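S.K.: Below is the sequence, then the predicted model.
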Amino acid sequence: MFKKLCIIGVGLIGGSIARAARANDLCTTISAYGRAQDLDNLQQALALKVIDSYSLNLEQAISDADCVIIATPVGAMPAIFKQLQAYWSDSVLYMDAGSTKGNVIAALSLVFGDIPGNFVPAHPIAGAENSGVGAALAELFQGKRVIFTPCVQTDKHFIKQATYFWQGMGSHISYMQVEQHDAVLAATSHLPHIIAFALVDLLGRKDEQGDIFKYAAGGFKDFTRIASSDPTMWLDICMANKQHIIPLIEQLSSELGDIKRMLQDNQAQELHDTFSYARNARQRFLDQHNNMTQSIIFTVQPGGHLQGEVRVPGDKSISHRSIMLGSLAEGTTHVTGFLEGDDALATLRAFQAMGVQIEGPVDGQVTIHGVGLDGLQAPKEPIYLGNSGTSMRLLCGLLAGQKFDAVLTGDKSLSGRPMRRVIDPLSKMGAVIESTDNGTAPLTIRGQSGALQGIHYDMPIASAQVKSCLLLAGLYAQGKTSVTEPAPTRDHTERMLSGFSHPVEQEGNQVTISRQGQLKATNIEVPSDISSTAFFLVGASIAANSDLTLKHVGINPTRTGVINILQLMGANIELLNQRTVGGEPVADIRVRSAALKGIAIPEEFVALAIDEFPVLFVAAACAEGTTVLTGAKELRVKESDRIQVMADGLQILGVEAQPTEDGMVIQGGTIGGGTVVSHGDHRIAMSFAMAALRASDTIVIQDCENVNTSFPGFVSLTAQLGLNISSEEG
Ligand code: S3P
């Protein structure tokens, strides 16, 4: 990428950049600059072959360099900029690697009068408690985040170069405003370092040789690891960012004051709540972090069959609703068969964040200590809902009538999904919801306790999420709230409200609710998810010698479109042992190999099979003749654009798949091998895994991490049943 990379300041970070750039072939030679007092360090860098040359003369060190990185402590940067100014070249990419950004930008504009367009401010979120070039590692930035804080003046061409460079070292790039960067880092990095230094300082002064250090293992060691960091560097960072750090120290002092008071006054419950809140918040953070950093790749060998008996995980829609209604009920609700997937867990954590005590899930069992319709508490921070559209849309309705405000956020996919479909009708009820200009998350819901008004809403699209959202808002509105739907959609909310002893009126395509007393806690047995079952219905149909029984599957008639469609295509599916469990119809489903034929999918089945089209497209690719889907425009705004993404993947596998505005035309035939991208969409990933049962070569599927949103254990379960699948971190 670069002929000559020059590093100014070859310590841990500068040295690691040099090592990583070399290991990843990002430059031909590497020079370094340092001051006379850095000579030993520079010599060591040369001896370790971290750099190819060094100079104590800046002009010489940077001559002919096409990329210059300033990796000195932030306090040294103003002086470096002054020196660099005389030799500045407009064609060179300059970057820093500093942990604070406000002072770097201020120093640049002081020296240059304006921010040079070829300077890209960058902060790698990576480090180690060891310092110096001896500790430098080529892998230090692998899988780590690098934050760019470009200014309006920063040239796109140089941002692109910087992006290639850091991605080449294995980093993920994020963008932030300078101010936002410094505020966030003050809380997430600078304050924790100060606390670690302070604690060791306090305990060390007390008893350095004595018991405290002798017996300090676990907690003390974990907590104070970062107090081994370089004091000079941290002095610099803290001084540079004190305007953000000082208010945080004040807040922390007051939090400690509160805890002291709780201890003095024996307020065990309050203290327990504080600790529980913190534990749950940390879990949410870890979930987000895992989502950000892990990329999972499935590799599926061609052939295989599906045989045996299996119970797939619990229904996602019902699991979400069990937490929501259980939380709003009076009394304790026990749930079994709960889906321990990321989406349903996002809902569970959202309610914990609003003060509901929820135990589990352990083996699918959850106990919810309901707080009543008016018992939720304000969440202390934005509620992160990951990939889960159902959580976000239903929560909008439920939160609209609360006595507090809340902010809902989600991952990249969820932050791109349309929310006006709920914001518009809720606003007609008097809700106040702020979104981005595009009508997407983050959403701020300003609770309008007591001020919501029931309306009648004629839904322009068939959406169970919109319907459920309005019914939940209706629990808080004056008068009646009624919704008509253009086609039947899943009715789990209605059924479950009745299960919680709250009346809902259903008349034709209209459902009506008004607040009537309270919800009464009940027990819920969540059946297996027919949407997860669908992969096996298709897989066993298309693979020779398959005979599979799927146990305890929810067959609510608003969800069984996939069975109707597959049967029209000639599938061999039998419903056995039909029964009703907790207000929902359930059956065991036996499916055997069958020769499928292409059909024109009746539009009346679209809403009833809305989540199953990715895998139905795979069935169509294996069928004889043409399959045509129309009237399914909604597929374009699911976790991904499921029409485009499936058509792209099928074409890669050699299938004639023509996307249309509201569906797809698929010519059945043979499926080849190849690498397809699921775009983080769980159902796309699992559908292509099933395609391998009939493929002529290996199928590699990228971006499969979100399979955990709806189907934890998918890989091991399918492998057990006969699919040649493996999964690895990418
Ligand atoms: C869901 C409804 C459907 C479905 C989603 C879950 C629900 O969305 O696609 O996976 O639980 O209510 P729409 O109602 O928006 O079609």
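M.R.: Structure's in. What do you need? Note that the coordinates shown come from a computational prediction; the quantities given were computed from them, not determined experimentally.

S.K.: what ranges do the strands span in the stretch 551-700 of the chain?
M.R.: 572-581, 584-592, 626-629, 656-660, 663-667, 674-677, 699-702 (DSSP state E, counting those that start in this stretch).

S.K.: So which bits of the first one are buried?
M.R.: For strand 572-581, a neighbour-count test (16 or more other CB atoms under 10 Å) marks 572-573 as buried. (C-beta placed from N, C-alpha, C; glycine too.)

S.K.: what angle separates it from strand 584-592?
M.R.: 160 degrees (axes from the mean of the first three to the mean of the last three CA atoms, to 10 degrees).

S.K.: State the number of residues packed around whichever residue of the stretch 51-200 of the chain sits closest to the ligand.
M.R.: Nearest residue of the stretch 51-200 of the chain to the ligand (CB to the nearest ligand atom) works out as residue 172 at 27.7 Å. Neighbourhood size, residue 172 [other CB atoms under 10 Å]: 16.

S.K.: same question, residue 218
M.R.: Neighbour tally, residue 218, other CB under 10 Å: 7.

S.K.: closest point of this protein to the ligand, which residue?
M.R.: residue 317 (3.2 Å).

S.K.: what sits against that residue?
M.R.: 390, 464, 490, 492, 529 (CB atoms under 8 Å, 6 or more residues apart in numbering).

S.K.: overlap between the residues you listed and the residues near the ligand?
M.R.: 390, 464, 490 (CB under 6 Å from any ligand atom).

S.K.: Including secondary structure, pLDDT and neighbour count, could the residues you listed go into JSON lines?
M.R.: Output for these, formatted as JSON lines (DSSP: H, G, I helix; E, B strand; the rest coil; pLDDT from 0 to 100; neighbours: other CB atoms under 10 Å):
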{"residue": "390", "secondary structure": "helix", "pLDDT": "98", "neighbour count": "22"}
{"residue": "464", "secondary structure": "helix", "pLDDT": "98", "neighbour count": "24"}
{"residue": "490", "secondary structure": "coil", "pLDDT": "98", "neighbour count": "25"}
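
S.K.: farthest pair in the contacts of residue 317?
M.R.: Spatial extent of these (CB to CB) is set by the pair 464 and 529 at 14.2 Å.

S.K.: what does this structure have sitting close to the ligand?
M.R.: 317, 390, 463-465, 468, 489-490, 610-611, 634.

S.K.: which ones among those residues are found in helices?
M.R.: Among the residues of the chain next to the ligand, the members found in helices (DSSP state H) are 317, 390, 464-465, 468.

S.K.: what sits up against the helix or strand hosting residue 524?
M.R.: Using DSSP states H and E, residue 524 maps to strand 523-525. Strand 523-525 is contacted by residues 318, 322, 326, 333-337, 496, 499, 581-582 when judged by CB under 8 Å, 6+ apart.

S.K.: Which helix or strand lies directly C-terminal to that strand?
M.R.: helix 530-542.

S.K.: re earlier: out of the strands of the stretch 551-700 of the chain, nearest to residue 685?
M.R.: Per CB to CB, nearest to residue 685 of those: strand 699-702, 5.3 Å.

S.K.: That closest one pairs with which strands?
M.R.: Strand pairing for strand 699-702, determined by DSSP bridges: strand 296-300 (antiparallel), strand 674-677 (parallel).

S.K.: Give me the below-cutoff pLDDT ranges for the chain.
M.R.: Across the chain, residues meeting the criterion (pLDDT under 70) sit at 208-209, 215-217, 287-294, 730.
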